[in-house]
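Chemist: This is a predicted model, with the sequence first.
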Amino acid sequence: MKRLCVLLMLAALPALFLLAALPAWASEPDAARKLQLDSLLNQDCGSCHGMTLKGGLGSPLTLDAMRAQDDDTLLYTILEGRPGTPMPPWKMMLSEADARWLVRRLKGEKP
Ligand code: HEC
């Protein structure tokens with residue numbers, strides 16, 4: 001009987017880990033990560049899109065330009081880049097939640 005209990009507990013462990021990890025996938029970046037993303041936007045993205053994101057080598061990321069596009073296109077562009085243009089993919093550095101937050105940020109929401 002004791003052994004059965006231990007076995008059951010062992011079997012339940014992975015499920016517990018999954019449950020604990022779930023909110024991390026689903027939720028948006030935490031406050032510290034948002035600060036990092038903000039400075040990434042200004043510095044790394046800004047190096048091509050202009051320090052005020054009004055355009056440079058990269059196209060303008062202004063509110064008007066961003067609101068004209070749907071979220072999924074922007075999300076895809078950020079994660080995968082635009083082959084054949086200097087826009088690099090960011091999926092090595094950004095999670096989907098990070099990129100989704102950046103899209104909302106570019107659209108003028110300040111989540
Ligand atoms: C090395 C230069 C470079 C960097 C760094 C860069 N981009 Fe870009 N980005 C571009 C270029 C060039 C384009 C235009 C591609 C095209 O011609 O379609 C672009 C396009 C985009 C677009 C699509 C704009 C539109 O109107 O379709 C988005 C969104 C975007 N970049 C976001 C970002 C974000 C967010 C970052 C930082 C995480 C970033 N970019 C960093 C060069 C860059």
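Modeler: Good, I have the coordinates. Numbering: from 1, shown residues only.

Chemist: how about the residues of the protein near the ligand?
Modeler: Residues of the chain found near the ligand (Cβ under 6 Å from any ligand atom) are 40, 44-45, 47-49, 57-59, 61, 65, 69, 74, 77-78, 82, 85-88, 90, 102. Glycine gets a C-beta too; all of them are placed from N, C-alpha and C.

Chemist: 8 Å instead?
Modeler: Proximity of the chain to the ligand (Cβ under 8 Å from any ligand atom) is limited to residues 40-41, 44-45, 47-49, 57-61, 65-66, 68-69, 73-74, 77-78, 81-82, 85-88, 90, 93-94, 99, 102-103, 106.

Chemist: Which ones among those lie within helices?
Modeler: Among those, DSSP state H puts 40, 47-49, 65-66, 73-74, 77-78, 99, 102-103, 106 in helices.

Chemist: ok, those vs the ligand, which is closest?
Modeler: The ligand lies nearest to C48 out of these, by Cβ to the nearest ligand atom, at 2.9 Å.

Chemist: got the contact list for the closest one?
Modeler: Residues in contact with C48 (Cβ atoms under 8 Å, 6 or more residues apart in numbering) are G56, L57, G58, P86, M87.

Chemist: PyMOL command for the buried members of the residues you listed?
Modeler: The buried residues among these can be selected in PyMOL (16 or more other Cβ atoms under 10 Å) with this line:
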select buried, resi 58+87
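
Chemist: Identify the residue nearest the geometric centre of the chain.
Modeler: Computing the C-alpha centroid of the chain and ranking residues by Cα atoms, centre = their mean puts D98 first, at 1.7 Å.
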